[in-house]
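Colleague: missing the sequence, but the structure's below:
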């Protein structure tokens, strides 16, 4: 039996998603007031308690602000918590992830090119073995986009670990979900992407194994440039949102 308490989070989640998408698309524009609680309660057929949960979560995402004596106002994009996993999920589900692409490219280039060079200098035999195992798993016949994406993320996380910078590994965690969505879009949109991506990982691995930092940086830069081109192409051609 489903209790009222059990149903409430799911009801709230659906309303959060709908209102967030309205804000992301500009249908609820910056500076606009949300309808008051009674109207939202009537519109969605839920209690005011659920509406308050919705308002609280949207506020934590940086999408709105409750201003006493004024109402609940939609905030500008600069206030949004773009790295919140729920907001990323909502963006991806609505096909609204494209505006983060350029920022993702810049972060990955800034961090991962240098990480590859550092990993080439500091890698251990265990690091090389772990990276090799991931690349071998990538070659599995008929691998799905989801399985390949998990391995892609694992490869780059192993490079971060091999670089020896534990703080950097923690700092990159909020970016992982955006990386995952980008990888799913690219691998799911074009048949050639996975073979080309495997080849890129193999070249990076060879440079790491050889201890060639300059070559590792160059191979990583090429790999990330290819990812950027594929993601832009995938975003422009995909009609189905990827979550």
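Modeller: Ah, there it is. Just so it is clear, the structure is predicted and the values come from calculations on it, not from any experiment.

Colleague: so what's residue 34 up against?
Modeller: Counting by CB atoms under 8 Å, 6 or more residues apart in numbering, residue 34 touches 19, 28, 40, 55, 64, 71, 72, 73, 74. Yep, even glycine has a C-beta here, placed from its N, CA and C like the rest.

Colleague: Is the most centrally placed residue in the chain part of a helix or strand, or is it coil?
Modeller: When CA atoms, centre = their mean is applied to the chain, the residue found nearest the centroid is residue 178 (1.4 Å). Secondary structure, DSSP: H, G, I helix; E, B strand; the rest coil: residue 178 is helix.

Colleague: And it, how close does it get to residue 89?
Modeller: 11 Å (CB to CB, to the nearest Å).

Colleague: all strands for this protein, in order.
Modeller: Using DSSP state E, the strands of the chain run over 64-67, 71-74.

Colleague: Show me the helices in the protein, by range?
Modeller: 4-24, 37-44, 48-60, 85-93, 101-122, 125-138, 145-162, 166-189, 193-210, 213-237 (DSSP state H).

Colleague: follow-up on the earlier one: quick check on the contacts of residue 34: which are buried?
Modeller: By neighbour count, with 16 or more other CB atoms under 10 Å, the contacts of residue 34 hold 19, 28, 40, 55, 64, 72, 74 as buried.

Colleague: which residues sit in contact with the last one?
Modeller: So the one you mean is residue 74. By CB under 8 Å, 6+ apart, residue 74 lies in contact with 23, 28, 29, 30, 31, 32, 33, 34, 63, 64.
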